[in-house]
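*Asks:* coordinates only, sequence not included:
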């Protein structure tokens, strides 16, 4: 059953656990008793082992459903049973919308519907019904029967029940109006929904120009391309740099300007002299002078340089470390430039950076698989088995990995689409990395560039072996890519 994917199961599990009484054992037993005698779910209790933990029990129920001849039929029975015993629970319309999506009765493809549901569920706090009422008018006649007090989940369910073109127009119209409101306190959190709409060909009014107002960050991309063969000891690199605006909520970037001419530097000159060409870049100086606007520095590096301590580049005359003044991340040059690498898994996993179920700390969502050099394939399989994994932690420095293990790490980045990787350049235990990050209380993994920056800033006077002086964060934002970077003009990319 292709629609019953691990990602769909994760979403189902999270929604089922959000039912107010699902943590109570007697409630789950009542649910199973009501399912037991109905059609596709007949005798299902015998297939489910008793679990004391609610999450484990729910997963057992979903696994039993998935093993049935008609798993989606079992899912419908489950939703009907919950309608009987929890008809007013706020999680019910979310569940019913997921069921409609999986049974392909919703107005959009199942994968797209699930992406939208996940993004809307993540809104914190959830929008109040009164605040949503003005947006339903933009949905046309499809939502004309709403009374104005419906929750976000109820509005979504209503559009899903309309089916076909009527439901599609109502859903798109509502979401466009909801996500385009610049005064909404949830605007920054709705960037993922806007991105989904834009990928479908439904741009949100104002979203493409959002970077033209004050709600944006500067993204400075510094690209290094090798001019000499890799074995040359002090090889030369061409330095290119481009500056962009990006909405604080994420999404499409707008090119502002580029370094007029590339610079040539030896590898030994990068830390001390790499920023000299940037200090002569008048457009960048103008953008950054006196501005309190956030800045992210992205170093786009070839594989041989991914472990380069880019945050230690000098700021210029003051000889300060760049990473003590701005978030600094690295990116893969090969991934950035290869136009034939599929972006679907990349974008999909990126969307999971903001997952949150209320019971899991953000840093616990970083995956730290074992790295047995003799069994590199097990590393890849571990990642494949976790389709919602968005951030990978390496137990060994990337730059020190032997060939097979490095190829395995590259594979999960390029083919599986893992967008974020963190490691300690001097080796060391993951617990030390997590402890250093935890001091800054991240709520979502989307905050990692800022959190790593705070770590570096706090640890700048520590000993050289301190974990905070040895962190590399690979940060591959799929929406912050400019394939035409060398074309010297500003504008949308």
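*Replies:* Sure thing, it's come through. Source: prediction; values computed, not measured.

*Asks:* ok, now which ones touch residue 57?
*Replies:* By CB atoms under 8 Å, 6 or more residues apart in numbering, the contact list for residue 57 reads 25, 28, 48, 50, 51. Heads up, the C-betas are built off the backbone N, CA and C, glycines and all.

*Asks:* Please identify which helix or strand holds it.
*Replies:* Per DSSP states H and E: residue 57 is located in helix 54-66.

*Asks:* Would you mark the buried spots in the helix or strand just after that helix?
*Replies:* For helix 54-66, the following helix or strand on the C-terminal side (DSSP H and E) is helix 71-85. Buried residues in helix 71-85, counting neighbours by 16 or more other CB atoms under 10 Å, are found at 71, 72, 73, 74, 75, 76, 77, 78, 79, 81, 82.

*Asks:* now stretch 279-288
*Replies:* 281, 284, 287.

*Asks:* residues in contact with the first one?
*Replies:* The neighbours of residue 281, taking CB under 8 Å, 6+ apart as the test, are 241, 257, 259, 260.

*Asks:* What about residue 187, how many residues nearby?
*Replies:* As a burial measure, residue 187 scores 19 neighbours (other CB atoms under 10 Å).

*Asks:* And the contacts of residue 281, which is closest to residue 378?
*Replies:* Of all the contacts of residue 281, residue 378 sits closest to residue 241, with 39.7 Å by CB to CB.

*Asks:* Surely the closest one is within a helix?
*Replies:* No: counting by DSSP: H, G, I helix; E, B strand; the rest coil, residue 241 falls outside a helix, being strand.

*Asks:* Now that it has come up, it's in contact with residue 256, right?
*Replies:* No: with contact defined as CB atoms under 8 Å, residue 241 and residue 256 do not form a contacting pair (11.4 Å).

*Asks:* Who has more neighbours out of those two?
*Replies:* Ranked by neighbour count (other CB under 10 Å), residue 241 and residue 256 place residue 241 first, with 23 against 19.

*Asks:* any idea how far the more buried one lies from residue 16?
*Replies:* Here residue 241 is placed at a distance of 49 Å from residue 16 (CB to CB, to the nearest Å).

*Asks:* Same question for residue 425.
*Replies:* Applying CB to CB, the value for residue 425 to residue 16 is 42 Å.

*Asks:* And these two? Which one has more around it.
*Replies:* Shown here are residue 425 and residue 16; by other CB under 10 Å, residue 16 has more neighbours (25 against 17).

*Asks:* What is the nearest of the contacts of residue 281 to residue 303?
*Replies:* residue 241 (20.2 Å).

*Asks:* what's the closest non-adjacent residue to that closest one?
*Replies:* With CB to CB, 6 or more residues apart in numbering as the criterion, residue 241 has its nearest non-adjacent residue at 4.1 Å, and that residue is residue 259.

*Asks:* The one you found contacts residue 277, doesn't it?
*Replies:* Yes: contact criterion CB under 8 Å: residue 259 and residue 277 qualify, at 6.1 Å.

*Asks:* between these two, what contacts are shared?
*Replies:* Taking CB under 8 Å, 6+ apart as the contact rule, residue 259 and residue 277 both touch 239, 241.

*Asks:* Of the buried residues of stretch 279-288, which belong to helices?
*Replies:* Among the buried residues of stretch 279-288, the members falling in helices (DSSP state H) are 284, 287.

*Asks:* Closest to residue 432 out of the buried residues of stretch 279-288?
*Replies:* Nearest member of these to residue 432, counting by CB to CB, is residue 284, at 35.3 Å.

*Asks:* so what's that closest one up against?
*Replies:* Here residue 284 is in contact with 220, 241, 243, 257, 259, 278 (criterion: CB under 8 Å, 6+ apart).

*Asks:* Pull out the buried positions in the longest helix along the chain.
*Replies:* Using DSSP H, we find that the single longest helix of the chain is helix 164-180. Using 16+ other CB under 10 Å as the test for burial, helix 164-180 gives 167-180.

*Asks:* and which of those is nearest to residue 455?
*Replies:* Out of the buried residues of helix 164-180, the member with the shortest distance to residue 455 (by CB to CB) is residue 179, at 32.8 Å.

*Asks:* Against residue 393, how distant is that closest one?
*Replies:* Computed as CB to CB, the residue 179 to residue 393 distance reads 32 Å.

*Asks:* I'd like to know which of the contacts of residue 281 are buried.
*Replies:* 241, 257, 259.

*Asks:* which one of these is nearest residue 41?
*Replies:* Nearest to residue 41, judged by CB to CB, of the buried ones among the contacts of residue 281 is residue 241 at 59.8 Å.

*Asks:* Check the burial of residue 364 by counting its neighbours.
*Replies:* Residue 364: 9 surrounding residues under other CB under 10 Å.

*Asks:* for it, helix, strand, or coil?
*Replies:* Assignment for residue 364 (three-state DSSP): helix.

*Asks:* got the contact list for it?
*Replies:* Per CB under 8 Å, 6+ apart, neighbours of residue 364: none.

*Asks:* what about residue 39, how many neighbours?
*Replies:* Based on other CB under 10 Å, the number of other residues close to residue 39 is 11.

*Asks:* And it, how far from residue 476?
*Replies:* 46 Å.

*Asks:* And residue 251, by the same measure?
*Replies:* Per CB to CB, residue 251 is found 15 Å from residue 476.

*Asks:* Equivalent analysis for residue 69, please.
*Replies:* For residue 69, the distance to residue 476 - CB to CB - is 41 Å.

*Asks:* between these two, which one's more packed in?
*Replies:* residue 476 (22 against 8).

*Asks:* how about that one, phi and psi?
*Replies:* phi -110, psi 80 (degrees, to the nearest 10).

*Asks:* I'd assumed residue 332 was in contact with it.
*Replies:* Yes: if you go by CB under 8 Å, residue 476 and residue 332 touch, sitting 6.9 Å apart.

*Asks:* Give the residues shared as contacts by these two.
*Replies:* Taking CB under 8 Å, 6+ apart as the criterion, residue 476 and residue 332 both touch residue 413.

*Asks:* ok, now how distant is the residue nearest to residue 241 from residue 80?
*Replies:* Plainly put, residue 259 is 62 Å away from residue 80 if you go by CB to CB.

*Asks:* Contacts only, for residue 388.
*Replies:* Contact analysis of residue 388 by CB under 8 Å, 6+ apart lists 6, 7, 10, 349, 352, 355.

*Asks:* pLDDT weak spots in the protein?
*Replies:* Applying pLDDT under 70 to the chain picks out residues 1-3, 137-148, 163-165, 205-214, 290-291, 356-360, 484-493.

*Asks:* can you pull out the helices in the stretch 301-450 of the chain?
*Replies:* Along the stretch 301-450 of the chain, counting by DSSP state H, counting those that start in this stretch, helices occupy 333-337, 344-351, 376-384, 403-414, 430-438, 448-458.

*Asks:* and the last one, what does it pack onto?
*Replies:* The reference is to helix 448-458. Packing partners of helix 448-458 (3 or more CB pairs under 8 Å, 6 or more residues apart in numbering; DSSP states H and E): strand 328-332, strand 420-424, helix 430-438, strand 471-475.

*Asks:* And the fifth one, by the same measure?
*Replies:* Counting contacts by 3+ CB pairs under 8 Å, 6+ apart, helix 430-438 packs against strand 420-424, helix 448-458.

*Asks:* how close does the residue nearest to residue 241 sit to residue 364?
*Replies:* When distance is defined by CB to CB, residue 259 is 40 Å away from residue 364.

*Asks:* repeat for residue 239
*Replies:* Per CB to CB, residue 239 is found 38 Å from residue 364.

*Asks:* dump the residue contacts of residue 89.
*Replies:* Residues counted as contacts of residue 89 (CB under 8 Å, 6+ apart) are 19, 20, 21, 82.
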